[in-house]
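Student: need a 3D model of the sequence below.
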Amino acid sequence: MSTKTMAKKIMAVLGGCLLLSLAACILKERSVRPSWENGVLRVGVTPNYPCLIDKETGTGQICGFEAECAALLAKRLQSRLQFVELDWEDQIPALERKKVDIIMSAMSITEMRKLQVAFSEPYLTISQMALTTKAGAEKFTSAQEIIATGKAIGVEKGTTGDIFVQRYCLAAEPLFFSSPDAAVQALRDKRIDLFIHDDPVLRAYATGADDLVLLQTPLTSEELAWAVRRDDPALLDEVNSALAAWKEDGTLERLLKKWLPQ
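Tutor: Sure, this is the predicted structure:
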């Protein structure tokens, strides 16, 4: 074999290897694209928040303000919507492990969470408030009395209500619950004296309940937003663009009034 022929064969082999490497890189890039870019928007939810993200009685279908926003976002992204139900404390770990693309589950913006996730623009400002019984309403007439109490206070573990009680209610006995339903039942059973949580949740329980009283004392002011991975700025841009459009055309206000008329 001549030197010239051998050189051509070597070049052909090298060219083939290069093409294979490029093809492998393209396939790898496609395989690691976020699922929302491949046609499926995976939304992490903890459906135990009345009005915002919950389940319909009987059907078990996920419903609420955030469920409707998730459907609109998926449509905007031309993706199929997939809800991924998670315990509250598993939301951020699931996002970090890329099990979901976005958390749309009444998550408050906190400095600690901002170290782990990228938040969208806020869509709602809420307060932590306290729910009690009729008898308890006479004992807690101010924020100072709530903060200074040595009584048992129920919180949902991992929430901003939990953070508030542990940070400010130093004399209280905190009791942790896996859901608002469990905490409200403990309140009715007199195992706790107060349940501290987001005001939309507590208003939903207090409305129409003769035995429960929502104390009209805001304890905090915090913003709710949706969370995406810090390494997915494209989705964050899409979410913020959607929010801006919904604010502009009145969609956001309409949905908030539908689900939070109070």
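Student: now the helices for the stretch 101-250 of the chain?
Tutor: Counting by DSSP state H, counting those that start in this stretch, the segments of the stretch 101-250 of the chain that form helices are 111-114, 134-137, 143-148, 160-168, 180-188, 199-206, 233-249.
Student: distance to I62, mean pLDDT and mean neighbour count added to those, as JSON lines?
Tutor: For glycine as for every other residue, the C-beta is placed from the backbone atoms N, C-alpha and C. Below are the helices of the stretch 101-250 of the chain laid out as JSON lines (distance: least, C-beta to C-beta, whole Å; pLDDT from 0 to 100; neighbours: other C-beta atoms under 10 Å):
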{"stretch": "helix 111-114", "distance to I62": "23", "mean pLDDT": "94", "mean neighbour count": "10"}
{"stretch": "helix 134-137", "distance to I62": "33", "mean pLDDT": "88", "mean neighbour count": "14"}
{"stretch": "helix 143-148", "distance to I62": "33", "mean pLDDT": "94", "mean neighbour count": "16"}
{"stretch": "helix 160-168", "distance to I62": "22", "mean pLDDT": "94", "mean neighbour count": "19"}
{"stretch": "helix 180-188", "distance to I62": "16", "mean pLDDT": "95", "mean neighbour count": "19"}
{"stretch": "helix 199-206", "distance to I62": "16", "mean pLDDT": "92", "mean neighbour count": "21"}
{"stretch": "helix 233-249", "distance to I62": "19", "mean pLDDT": "97", "mean neighbour count": "16"}
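Student: which of the ones you listed sits closest to S120?
Tutor: Closest to S120 of those is helix 233-249 (C-beta to C-beta; 4.6 Å).
Student: circling back to that earlier point, need the helices of the stretch 101-250 of the chain in JSON lines (columns: distance to T220).
Tutor: Compiled in JSON lines, the helices of the stretch 101-250 of the chain are given as follows (distance: least, C-beta to C-beta, whole Å):
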{"stretch": "helix 111-114", "distance to T220": "14"}
{"stretch": "helix 134-137", "distance to T220": "20"}
{"stretch": "helix 143-148", "distance to T220": "10"}
{"stretch": "helix 160-168", "distance to T220": "6"}
{"stretch": "helix 180-188", "distance to T220": "17"}
{"stretch": "helix 199-206", "distance to T220": "10"}
{"stretch": "helix 233-249", "distance to T220": "23"}
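Student: nearest to E85, of the ones you listed?
Tutor: Closest of those to E85 is helix 180-188, at 15.4 Å (criterion: C-beta to C-beta).
Student: circling back to that earlier point, out of the helices of the stretch 101-250 of the chain, nearest to K99?
Tutor: Counting by C-beta to C-beta, K99 lies closest to helix 233-249 out of the helices of the stretch 101-250 of the chain; the figure is 14.8 Å.
Student: for that closest one, packing partners?
Tutor: With contacts defined as 3 or more C-beta pairs under 8 Å, 6 or more residues apart in numbering; DSSP states H and E, helix 233-249 has these neighbours: helix 65-76, strand 222-228, helix 251-259.
Student: mean confidence for the shortest one?
Tutor: For strand 222-228, the per-residue pLDDT values average out at 97.
Student: gap between that strand and the chain center?
Tutor: 7 Å (C-alpha atoms, centre = their mean, to the nearest Å).
Student: tell me which residues of it come out buried.
Tutor: By 16 or more other C-beta atoms under 10 Å, the buried positions in strand 222-228 come out as E222, L224, A225, W226, A227, V228.
Student: how many neighbours does G150 have?
Tutor: Applying other C-beta atoms under 10 Å, we find 11 residues neighbouring G150.
Student: any idea how far A152 is from the nearest residue to it once chain neighbours are set aside?
Tutor: Spatial nearest neighbour of G150, chain neighbours left out: A171 (4.3 Å); criterion: C-beta to C-beta, 6 or more residues apart in numbering. According to C-beta to C-beta, to the nearest Å, A171 and A152 sit 11 Å apart.
Student: touching, I192 and A182? I think so.
Tutor: No: counting by C-beta atoms under 8 Å, A182 is not a contact partner of I192; they are 10.5 Å apart.
Student: which residues do those two both contact?
Tutor: Listed as contacting both I192 and A182 by C-beta atoms under 8 Å, 6 or more residues apart in numbering is no residue at all.
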